[in-house]
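Trainee: need a structure here:
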Amino acid sequence: MLDIKFVRENPELVKENIKKKFQDQKLPLVDEVIKFDAEARANQKEADDLRAKKNQASKQIGALMAKGQKDEAEKVKAEVAAYSARLKELEEKQPKLDEEVKKRMMIIPNMIDASVPIGPDDTHNVENERFGEPVVPDFEVPYHTDIMESFGGIDIDSAREVAGNGFYYLVGDIARLHSAVLSYARDFMINHGFTYVIPPYMIRSKVVDGVMSFAEMDAMMYKIEGEDLYLIGTSEHSMIGRFIDKIIPAEQLPLTLTSYSPCFRKEKGAHGIEERGVYRIHQFEKEEMIVVCEPEEAMDWYNKLWKLTVDFFRSLEIPVRTLECCSGDLADLKVKSCDVEAWSPRQKKYFEVGSCSNLSDAQARRLRIRVKGKDGKIHLANTLNNTCVAPPRMLIAFLENRLQADGSVTIPEPLQAYMGGTKVLVPKYNSITGKKN
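Mentor: Numbers count the residues shown, from 1 in each chain. Below you'll find the predicted structure:
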């Protein structure tokens, strides 16, 4: 959410930003905000002036009565009553005007960074850099669930009976690999100086309103019926919510945190949850990075965060690239975002495995996350988030890139300790040839 003072003083800049995000339907909101804001401030000023007059007149009543000027005192009492009646009207009107301003401000998108490429949708995202050499083996790489099934490692049919499409059972070596990746990611982040946190997996609506846009909430969040609770779609939600209404001493910044959580998403609007795959699903687990920092440090942290994800995937010898998100692909609270994409030898292209975002002070303004500077002055913090790893999607990239011609999967050295020293996973049958081992 933007600063109302900024909107008030820079309406054309705000409108231009809306146009850059290809959200022209929101243009009228700017003028509406300015109109209701002016009314709200005028209403507040009149109320403040009336309170001052009422207090002054109330003091006069006692003085007049002491002098025996009863008739004059009664006139002043009538004035006080009139002030009170008008003041009641203004006080009842004020929250309504404030709400009209707020509900529009919550929809107006954040100001994007000047470096963001302009485009209407993700087809206009721009490749930044590649890391590692993408390889296509001389054998045909099977679909990822076929690879998993060759190890007896996935049961989607049973999951469909139990929970419906978009769910899965991971079994045996594949389940262990899933957990190993998360454990390695946890230690990877701790070794880079981040504090490990396990957060609540449900949050209240006031936190939901603070961390994401309404459009995101509708497309993602599962609500607990009969309670003011939502299942988190990512641990960023509850991690940032931890600081609601907090004033953080500047000397404690930056806060660099890494969190594990399951994630739950409706994936509303997605064109069909895959029945066989685990690329787009309702439930997954993730190791996340969160930073709360001073505004002037935010962009430096943005670049540090996505590089950590690249380093993590490269440590497992998976080729990746970074993709700069264009203006139309940015969620409303973000000022800049990039995706980390892993190489798929089967598809012969890259696919998303993580996302890094700088939200400047948008979440902090909504949640009132403030910093007390060394000079004693209070200002808003900046917040950032980034995916370290999110299996089972990451497992797709891992299995495809580590698959051998005999159907086995090699385990890179950093992961071997988390797999009990295992260096190679041997399948029950070769997923490439279909022959039993």
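Trainee: residue 256 in helix, strand or coil?
Mentor: Following DSSP: H, G, I helix; E, B strand; the rest coil, residue 256 is assigned to strand.
Trainee: residues touching residue 245, list them.
Mentor: Taking C-beta atoms under 8 Å, 6 or more residues apart in numbering, we find residue 245 in contact with 367, 368, 369. (Glycine included, C-beta is placed from N, CA and C.)
Trainee: from residue 366, how far off is it?
Mentor: Separation of residue 245 from residue 366 (C-beta to C-beta, to the nearest Å) stands at 11 Å.
Trainee: surely residue 434 forms part of a helix?
Mentor: No. Counting by three-state DSSP, residue 434 is not found in a helix; it is coil.
Trainee: mind checking pLDDT for it?
Mentor: Turning to residue 434, the model gives it a pLDDT of 76.
Trainee: over to it: give its phi and psi.
Mentor: Here is the backbone geometry of residue 434 (degrees, to the nearest 10): phi 80, psi 0.
Trainee: mind listing the strands for the stretch 151-300 of the chain?
Mentor: Ranges of strands in the stretch 151-300 of the chain, per DSSP state E, counting those that start in this stretch, are 154-155, 169-170, 195-197, 202-203, 222-223, 230-231, 247-249, 255-264, 283-293.
Trainee: what about the residue lying closest to residue 239 once chain neighbours are set aside, how many residues nearby?
Mentor: Using C-beta to C-beta, 6 or more residues apart in numbering and skipping the chain neighbours, the partner closest in space to residue 239 is residue 290 (4.6 Å). Using other C-beta atoms under 10 Å, residue 290 has 26 other residues around it.
Trainee: state the distance from residue 171 to residue 153.
Mentor: 5 Å.
Trainee: higher neighbour count, these two?
Mentor: Set side by side, residue 171 and residue 153 show more neighbours around residue 153, with 24 against 16, by other C-beta under 10 Å.
Trainee: list the contacts for the closest residue to that one other than its chain neighbours?
Mentor: Nearest residue to residue 153 in three dimensions, chain neighbours excluded: residue 174, at 2.7 Å (C-beta to C-beta, 6+ apart). By C-beta under 8 Å, 6+ apart, the residues touching residue 174 are 148, 151, 153, 154, 395.
Trainee: what is the residue nearest to residue 239 paired to in the beta sheet?
Mentor: residue 257, residue 385 (DSSP bridges).
Trainee: ok, now residue 196?
Mentor: Residues in a beta bridge with residue 196, per DSSP bridges, are residue 258.
Trainee: centre of the chain to the longest helix that the chain contains, how far?
Mentor: If each helix of the chain is counted by residues according to DSSP state H, the longest one is helix 27-66. Computed by C-alpha atoms, centre = their mean, to the nearest Å, the chain-centroid distance of helix 27-66 equals 39 Å.
Trainee: buried residues of the helix or strand just after that helix, list them for me.
Mentor: Following helix 27-66 in sequence order, the next helix or strand is helix 70-105 (DSSP states H and E). Neighbour-count burial for helix 70-105 flags 73, 76-77, 79-80, 83, 87, 90, 93-94, 97, 100-102, 104-105 (criterion: 16 or more other C-beta atoms under 10 Å).
Trainee: and which of the residues you listed is nearest to residue 404?
Mentor: Using C-beta to C-beta, residue 105 comes nearest to residue 404 of these, at 55.5 Å.
Trainee: ok, now which ones touch the residue lying closest to residue 37 once chain neighbours are set aside?
Mentor: Closest residue to residue 37 apart from its sequence neighbours, by C-beta to C-beta, 6+ apart: residue 101 at 5.2 Å. Neighbour list for residue 101: 4, 33, 36, 37, 40 [criterion: C-beta under 8 Å, 6+ apart].
Trainee: how near is the last one to residue 394?
Mentor: Think residue 40. Distance, residue 40 to residue 394, using C-beta to C-beta: 48 Å.
Trainee: of the two, which one has the most company?
Mentor: Regarding residue 40 and residue 394, a neighbour count based on other C-beta under 10 Å identifies residue 394 as having more, with 26 against 21.
Trainee: what helix or strand does the more buried one sit in?
Mentor: Going by DSSP H and E, residue 394 is part of helix 393-402.
Trainee: hmm, who's touching that helix?
Mentor: Contacts for helix 393-402 (C-beta under 8 Å, 6+ apart): 135, 141, 144, 147-148, 174, 177-178, 181, 277-279, 284, 313, 316-319, 342-346, 351-353, 409-412.
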